[in-house]
Structures are given as C-alpha cells and as structure tokens.
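>>> Turn this into a model:
(2 chains)
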Amino acid sequence: MQHEEESTLFGLMAEFETPDDLLVAAKATFAAGYRKIDGYSPLPVHGLGDAIGFPRTKLPWLVFCFGILGGICGYGLCYWVSVIDYPMNIAGKPLHSGPMFIPVTFELTILFAALSAAFGMFIANGLPQPYHPVFNVESFARASQDRFFLSIEADDPQFDLDKTRNFLNGLNPHEVAEVEN
Amino acid sequence: MSEAAKTPYKPPVPELGPGQTSYTSITEKISGIVLTRNTPVAWFIFFAIGFLLLHGLMVGVPYLLFEGVGIWGLNNPVGWGWAIINFVWWIGIGHAGTLISAVLLLFRQKWRTSINRAAEAMTIFAVLCAMQFPLLHTGRPWLACYWLLPYPNSMDIWPQFRSPLIWDVFAVSTYLTVSLVFWFVGLVPDFASMRDRTKNRIGQVIYGMLSLGWRGSAIHWERYEMASLLLAGLSTPLVLSVHSVVSFDFAVALIPGWHTTIFPPYFVAGAIYAGFAMVLTLMIPMRMIYGLEDFINERHLNNMAKVMLASGMIVAYGYFMEQLIAWYSASTYEGFMMQNRMHGPYSAYYFFLILCNIVVPQLLWIRYFRTNMFWLFFVCQFINVGMWLERFIIVVTSLHRDFMPSSWDMFHPTIWDITIYVGTIGLFTVLFFLFIRGVPMISLHEIRTLLVSKDHK
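Numbering: from 1, shown residues only, chains lettered A, B, ... in the order given. Reported below is the predicted structural model:
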C-alpha cells in the first residue's frame, strides 16, 4: 500500500495568494533542506529562481556562440559565392569586396542569435511538453491567472508525505494539495 | 528656488488605471475580449470594411500576374513607382512595433507593456503587406526564388551580394522572422492563461497546443526572461539596420536626390514617425471599442505623441539637410533636382508633404493636443498621409527628370496601382482584427508585473 502510494504521487503543492508569500515560502523550503522544489506563477517573480537554488541560466553563451556562427556563415556565404564559385567582374569592384558583404553578415548574425535565444529557451525548458503532473491539481489552472504555487517533489530525499505536508501547512498557504502522477 | 517651490508637484499618471487592482481583474478583462460571445458591432464593421478592401488584392494580383507589371503606371524614366513607395511605407510602419517591444524594454519604459503586443502584431502584418510589393514588382515572383535567395540551383548561378537589393531580401526576411519569433515567445504564457480560462473544448485544444504546455515554472521563467531580454537586445540593432538597408536601395544609386549619406538615419526616424502614427491610429479606436481606458490612458497617448514629435523633428532636419546639400554641393544636378522638386510639376505634392509632416505635427508641442484623443488621431492621419507622400516625392521627383531632358516624363498611377495598394490596407485590417478576436491584445503576464511594482512603491 505504502509502495503504491509513493509511485503515484508526484509531490505536494502549496497555493499562495501573492508573489511575496511564494517567495518567502520558497526561501523557507530551500532553507529546510528540500532541493527538488519549483515555484509556479502567472508572472515572473524576481528572486524566485535564486530562492529555489536555480543557478544562472547559460542561455547568453549559447546565443553568443550562435551569433558568431551566423556571422561566419554570412560572410562565408558572400565570400564563397562572390570569389570562389561565381566570380564576376561587377563595375570593376574587387571580387572580395568586404564592406559590401557586411549587411548580409550582420543580418545572419542577428537571425542565428535570435533563433537560438528562442529555441534554446524552449528546448532547455523541455517545451513543448503536452503532459505534466502538476496539471492534475484542479486549482492549478489559476497558476496562469492569479495564484502562486510551490511544489515539493516526492523523489526529494527529505520527502515524507506527512512531515512535508505539515511543513508546507506551516508556511501559511491558502491550501496544500497532493499532486498525482 | 521660490518659483519652483510654488509650482505644485504633479505626479505622473500611473500606467494602470484605477479599475485594475488585482491579477484576477486584469486577467478577466483582457482575456474577456477574446473569450466572449458578445463581439462588439464595431468589430464586424471594421472587419467587413477590411475584407471588402482585401478584394483589391484578390483581383489585382491575379491580373498583374496574368498581364505583367505593365498594368502599373511604370515606364521610363520612372521605373520604381507605387510598388516601392508602398513597400517603404509599410516597412516603416512596422518599425514602431519593434521600437515599442524592444527598445523601450531595454530602456525600462513600463508604459510600453499595454501597447507592445498590438504594436508587434502591427509590425508583422505591416511587413507582410510590404513584402507583397517587391515580390510582385519582379513580375514573375515564381522565379524570384533564385533571383533573391542564395540556394544551389541547377543553373549554377548565385545572387549578386554587392547589390543593396539582395541586402534588402536578407534584412526584411530576418526582420519578419525575428519579429514573429519574439511575438510568439511573448504569447506563450498568455496562451497558457487562455487555455486555462476558456470553457470551449476547441479553444482548450488550440490554446493548449499554442501554449506548448507552459506551466509558469520558476526555472522556466528565469530562462524565459533572459531569452526575452536577449531578443530585445538583438531586435534593437536589427530594426535600425532594416530601414538603413532599405535606404541603401536609394542611397547607393547615383541618382540626384537619392545619392546622399543622410538617408539611413533619416529613413529610420521617418519609420518611427510613421509607425507611431499608425500605432495611435489603431489604438485610439481600440481603446474606445473595448473600453481599455485603464490600460491605455493619458500617459500612453502623451508619451507616444512625444516620440512622434521628436522623430518628426529629425525628419524635418532631414528635409532641411537635403535642401542644404543640394545648394552646398554646388552640383548642377543636385540643385536642379531640388528646384524641380519644389517648383516643378510635383511642387503641390512637396508642399502638402511639408504641411503634413512638419507643420501640422507642431501642434504636439501643446499638451492638449497630445492627450485629446480626437486631435491626436487627426494629427496622426496627417502623418500617415505625409509619410506616404515623402516616399512618393523621393521616388518620383528624383526619377522623372533625370540627366537627359529628352527622356523626361511624368508618372501617372493606373487604377491597378491604387487597387493593389488599397488591397494591402484591406489585408492589414483583416489580419489585425482577426488578431484582436483570437489573441489577447495586451500582454497579460507583463501587465501583471505592473501590479507588483505598484505594491512595492
């Protein structure tokens, strides 16, 4: 019985009314030693990532690398076409007319960087993800509207259904719910 | 000192009106515009007008493809007529959306949050309208693939990378792609709100798919905010580059009236000018139809009018510089071009342009005209017309009397020039009203952050 319950339980979820309540609760939960935690909010809550121990995102490095790659592709394309594969004398200009390759180089730098920012973010976030256990909580529909949630997952080493529930109840939530898998 | 002490301090109008005090009320109000059975009658009227005008495109384009670009008023020496004028006009309008969504985000201008979604939509639709014209102007758009895009084809030929026209292809297509991606990224959390609010099964499925399973996780928000910031930072140089590249189409040519270094900054300022006029042209009626006074208030109108005034003055400076250089260069052809522009057969257009773009907008120095909806709308219509005329003057008066008097001629638009132009206005209107009906037109998650900053004050 005990075993079965553990496998169908994703974790516990507390509901809060304001972003500040959520932030305070997240800090307390992290301080209590829980690590498999996440906050859910209808707007970005500043400091919540730090509070649950999420390290700074490395997205800027990805975007930087793709930007450089885009620039190399842009200039490389112009150079390869104009000098190597299809050399043509246009108004006596040199085949390698660098300044005239800059607009295309610039646009491809921006294009590669912007696409990597958007798709990198979605891929790192694991989206699109059609199913996630948190949606099983009925009141969670308000996480995209006007309520703030904090979850502690069942595979956290410190997780114990009764103790964790008591802990969450002590954080002054609106309600604590079990999240089915 | 005593003078300043006597003047009472007037705090700025807050971004959010008094009616919006909670996350719930914001969510209900904005998503209610979409999730309702009571679409305002005005929506149907505007949509019907747009749909009617769209038929200009439906009829004009097949006839153009069947008959060729000869149906337009193009001939020597004016080989670039309304198609290029309309292209530059539409692209310019698009720029305000990116300016609001990206540049004002970097400057932390919070008032932008209630207008950026609609302005970005306007950008995308304006760029779509703009792209019709160069494509149709090629005459045989189905061949434009290998004329415009660098792909390895069986004829083993490549585009000419030393030409500004190919730069345009890269600039405009990158602009459309990045604007679309930025817009969609902004929409994902709002699609999640719509998914959770709608009672309609079809709506749940569609919004559910569009929201990509967004659940508002704190870790997701961290990456999301970083991605938004990076996209804003990338869009800012992009938007400046796009109209600069468009101006290279003219500035790189050796035609008097085109061959000038002031074109890139002057075109960008003109784009912002025209774009803000169009944003206001759309937002003033929207605010009335949907009762959005809490979201778009005096402060927004005032700020947008100030941006318009500033960019309008840069445009005026551009006109002045063109005059100055025509005289200072001591070039016969430059001097003649300006004489002909001001006193030739198109002088009425030129002075009407000055009236629309420089004289009338001076009203915006007075606060009353910046905050009165009727007057602001009135001024914006002058700017919309004036900016179209500006491109007409640049294209036509520079070409119609060039170096050889024997080849001088006048430009006369045909009914098909007008039909296709009006058709794109219809396309723009239809797309914009479909957007309003299907997508939250104000960014829900960004508006919610205004409430947080209000609490902390």
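>>> domain parsing for chain A?
By the assignment in automatic domain parsing, chain A contains the domains A:2-56+A:131-180, A:59-124.
>>> wait, which of those is closest to B:Gly257?
Checking these against B:Gly257 by CB to CB gives domain A:59-124 as the closest, at 21.3 Å. Any C-beta I mention is one placed from the backbone N, CA and C, and that applies to glycine too.
>>> can you list the weak-confidence ranges in chain A?
Counting by pLDDT under 70, chain A contains low-confidence residues at A:1-7.
>>> where do the strands sit along it?
Listed in chain order, the strands found in chain A under DSSP state E are A:9-16, A:37-40, A:148-153, A:175-180.
>>> Packed most tightly, which of these would that be?
Most buried of the strands of chain A, by mean neighbour count (mean count of other CB atoms under 10 Å in any protein chain shown): strand A:148-153, with a mean of 26.
>>> Now find how far off-centre it is within its chain.
Strand A:148-153 has its C-alpha centroid displaced from the chain centroid by 16 Å (CA atoms, centre = their mean, to the nearest Å).
>>> outside of it, which residues touch it?
With CB atoms under 8 Å, 6 or more residues apart in numbering or on different chains as the test, strand A:148-153 has contacts from A:10-19, A:21-22, A:25-26, A:29, A:34, A:36-42, A:45, A:134, A:137, A:140, A:143, A:159, A:164, A:168, A:171, A:173, A:179.
>>> which among these are in contact with chain B?
Subset of the contacts of strand A:148-153 in contact with chain B: A:19, A:26, A:38-42, A:45, A:134, A:140, A:143, counting by CB under 8 Å from any CB of the partner chain.
>>> what's the neighbour count on A:Ala143?
A:Ala143 is flanked by 26 other residues according to other CB atoms under 10 Å in any protein chain shown.
>>> In space, what's closest to it - neighbours in sequence excluded?
The spatially closest residue to A:Ala143, leaving aside those adjacent along the chain, is A:Tyr40, at 4.4 Å (CB to CB, 6 or more residues apart in numbering or on different chains).
>>> I figured the one you found hits B:Arg215, correct?
Yes - between A:Tyr40 and B:Arg215 a contact is recorded at 6.0 Å, counting by CB atoms under 8 Å.
>>> what's the overlap in contacts for the two?
When contacts are counted by CB under 8 Å, 6+ apart, the set common to A:Tyr40 and B:Arg215 consists of A:134, A:140, A:143.
>>> Contact partners for the first one?
Contacts were defined as CB under 8 Å, 6+ apart; by that measure A:Val134 touches A:10, A:13, A:40, A:140, A:143, A:149, A:151, A:179, B:215.
>>> In TSV: these, plus distance to B:Gly257.
What follows is the contacts of A:Val134, written out as TSV (distance: CB to CB, whole Å):
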residue	distance to B:Gly257
A:Phe10	69
A:Met13	67
A:Tyr40	59
A:Phe140	63
A:Ala143	59
A:Phe149	63
A:Ser151	65
A:Val179	69
B:Arg215	57
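>>> which one of those is nearest B:Asn76?
Distances from those to B:Asn76 were compared by CB to CB; the smallest belongs to B:Arg215, at 62.0 Å.
>>> circling back to that earlier point, which two in the contacts of A:Val134 are spaced the farthest apart?
Within the contacts of A:Val134 (distances taken as CB to CB), the two that end up farthest apart are A:Phe10 and A:Ala143, at 14.7 Å.
>>> For the residue positioned nearest the centre of chain A, grab phi and psi.
The residue at the geometric middle of chain A, judged as the C-alpha nearest the mean C-alpha position with CA atoms, centre = their mean, is A:Asn125 (4.0 Å). A:Asn125 adopts backbone torsions of phi -80, psi 0, taken as degrees, to the nearest 10.
>>> Done for today, thanks.
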